[in-house]
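# kindly generate the corresponding structure for this input.
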Amino acid sequence: IPEWMSKYVDWHQEQRRILARNDNATAINEMKFMVVRCIKNQKCGGLSDRLKPLPAYMMIADLANRVLLFHWTKPASLEE
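You can find the predicted model right below:
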């Protein structure tokens, strides 16, 4: 994988650890996010349509210094 992507993955993991620990309020308050969503009543396409732009989403999040998150409830929540 490209070096920028590997660095972003490492950075993203560290940011998620900070969120999970919830012990650094300043860092959490300054953290910024990029949320990709697919919710009820939106046309999102199938799974492959949503995954194809993943590298572009990662690059944008990397360039913008944001934690990339997904919120997909359609057709079912990602947690299910």
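# could I get the full set of helices for the chain?
Ranges of helices in the chain, per DSSP state H, are 3-21, 25-30, 47-51, 54-63.
# tell me the spacing between Ala25 and Lys74.
33 Å (Cβ to Cβ, to the nearest Å). For every residue, glycine as well, the C-beta is placed using N, CA and C.
# flag the shaky bits of the chain, pLDDT-wise.
Low-confidence segments of the chain (pLDDT under 70): 75-80.
# now do 90
Scanning the chain for pLDDT under 90 picks out the ranges 1, 17-30, 37-51, 70-80.
# what's the spacing between stretch 28-35 and its chain's center?
10 Å (Cα atoms, centre = their mean, to the nearest Å).
# could you tell me the end-to-end distance of it?
16 Å (Cα to Cα, to the nearest Å).
# need the contact partners of it.
Contact partners of stretch 28-35, identified using Cβ atoms under 8 Å, 6 or more residues apart in numbering, comprise 15, 18-19, 22, 57, 60-61, 64-71.
# which one of those residues is nearest Tyr8?
In terms of Cβ to Cβ, no member of the contacts of stretch 28-35 lies closer to Tyr8 than Ala61, at 7.0 Å.
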